[in-house]
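Q: got a predicted structure here, sequence first:
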Amino acid sequence: MNPKILVARAVFPQTLALLEQHFEVTSNQDDVLWSPAQLTEQLQGKQGAFTTGSERINAGLLADCPELRICANMAVGYNNFDLEAMTAAGVLATNTPDVLTETTADFGFALIMATARRMAESERFLRAGLWNSWRYDMFAGSDVHGSTLGILGMGRIGQAIARRGALGFGMKVIYHNRSRLDAATELACGATLVSKQELLQQSDHLILVLPYSPEAHHAIGADELAQMKPTATLINIARGGIVDDAALAVALKQGTIAAAGLDVFEGEPRVYPDLLTLPNVVLTPHIASATLPTRLAMAQLAADNLIGYLVHGKALTPLNPQLVLA
Ligand code: DGY
């Protein structure tokens, strides 16, 4: 008998068709947002789960789903997984690195551009019928080319953004990261390592690309915002909770920084209400990896991880590979 899996959110029909060749599949094509209790119930008797960032896999759920062997996340980020608890329970965790790097970097850059050049704000103005004449300072923003790009978190996506900044826009690129890149990678990215304080103080456009972890919670709060230039923009395409959204709203109101571009939010899909009322923030609904080819590649990789592990005993991108090697 084929293993049983749960596809916890709606997916591409072709992904579902592929999974159905190997598994007895229960799927949520109606895309109902299950509570943790409903997710636990749906997972009963399943050996595998196809998850997204919305499904929390923690010790409590694992204790109630003893047959579960793998959760394949269709996301590179995996802060919805308690990796320690999964490893202790012998449940393999996988994510979808690499396939979304360039697409996500494109979006990061788009958000830098949209924020610096006030594109959302000026479009709202035009659509509201308020454009009556040209004016010398109308929606004058800040330059991207030739400015200083700061990157907090320098993994694959950070590096892809650095290359765009250095090679495409002639930017000075500085970064702060737990570990320093090797010299060849730094050269290819045109990036220089600086302290977090220098990053905050020197960046004209600061983009966050670090993974969420308890240590990264509110890595950008009132103190950090106060160190930034009043002309600076802050871009978050990483995870909600890395920025203190309430402190950011105050900073945007008071002119501590000029503008922000946010694709991720604390407690999303809720958005801190003040952010919705401010003109100088560009808001998008967690879509940095959202192009059809990339989302398809992410879904394919998550499916390949399930097939690889449950059918052949080997996953492509395991997060706790010690379980496979054991
Ligand atoms: C990711 O892959 O982590 C994106 O944020 C989508 O969840």
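A: Thanks, I have the structure now.
Q: Ala93 against Ala85, yeah?
A: No. Applying CB atoms under 8 Å, one finds Ala93 not in contact with Ala85, separated by 10.0 Å. For every residue, glycine as well, the C-beta is placed using N, CA and C.
Q: more neighbours, the two?
A: Neighbours were tallied for Ala93 and for Ala85 using other CB atoms under 10 Å; the higher tally belongs to Ala93 (26 against 17).
Q: returning to what we had before: common neighbours of Ala93 and Ala85, please.
A: Contact criterion CB atoms under 8 Å, 6 or more residues apart in numbering; residues shared by Ala93 and Ala85: Ile57.
Q: what about the residue in the stretch 151-300 of the chain positioned nearest to the ligand, neighbour count?
A: Taking CB to the nearest ligand atom as the measure, the point where the stretch 151-300 of the chain comes nearest the ligand is Ser289, at 5.0 Å. When neighbours are defined as other CB under 10 Å, Ser289 has 24 of them.
Q: give the contact list for it.
A: Ala75, Val76, Leu100, Thr103, Thr104, Phe107, Arg295, Met298.
Q: the strand or helix carrying the fifth one vs the ligand: in contact?
A: Using DSSP states H and E, the element containing Thr104 is helix 101-116. No. In this structure, helix 101-116 remains apart from the ligand according to CB under 6 Å from any ligand atom; the gap is never smaller than 7.3 Å.
Q: so the next helix or strand after that helix versus helix 101-116, what angle?
A: On the C-terminal side of helix 101-116, the nearest following helix or strand under DSSP H and E is helix 119-127. Using axes from the mean of the first three to the mean of the last three CA atoms, to 10 degrees, the interaxial angle of helix 119-127 with respect to helix 101-116 works out to 60 degrees.
Q: check the offset of the helix holding Thr104 from the chain's centre.
A: The gap between where helix 101-116 is centred and where its chain is centred comes out at 12 Å by CA atoms, centre = their mean, to the nearest Å.
Q: what's it in contact with?
A: Outside of helix 101-116, the residues within contact range by CB under 8 Å, 6+ apart are 76, 119-120, 141-144, 149, 156-157, 160-161, 163-165, 205, 207, 209, 233, 235, 237, 259-261, 263, 281-282, 284, 287-291, 293-294.
Q: which residue is the nearest non-sequential neighbour of Ile287?
A: When the adjacent residues along the chain are set aside, Ile287 lies closest to Asp263, with 6.5 Å between them (CB to CB, 6 or more residues apart in numbering).
Q: what sits against the one you found?
A: Counting by CB under 8 Å, 6+ apart, Asp263 has contacts Phe107, Leu111, Asn236, Ile237, Thr284, Pro285, His286, Ile287, Ala288.
Q: just the buried ones from those, in ChimeraX syntax?
A: Buried members of the contacts of Asp263, defined by 16 or more other CB atoms under 10 Å, are picked up in ChimeraX with:
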select :107,111,236,237,284,286,288
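Q: out of the contacts of Asp263, which are inside strands?
A: Asn236 (DSSP state E).
Q: is any part of the host helix or strand of Ala72 close to the ligand?
A: Element membership of Ala72, judged by DSSP H and E, is strand 70-73. No. Using CB under 6 Å from any ligand atom, strand 70-73 stays clear of the ligand, with a minimum separation of 7.9 Å.
Q: what's downstream of that strand, the next helix or strand?
A: Once strand 70-73 ends, the next helix or strand along the chain (criterion: DSSP H and E) is helix 83-88.
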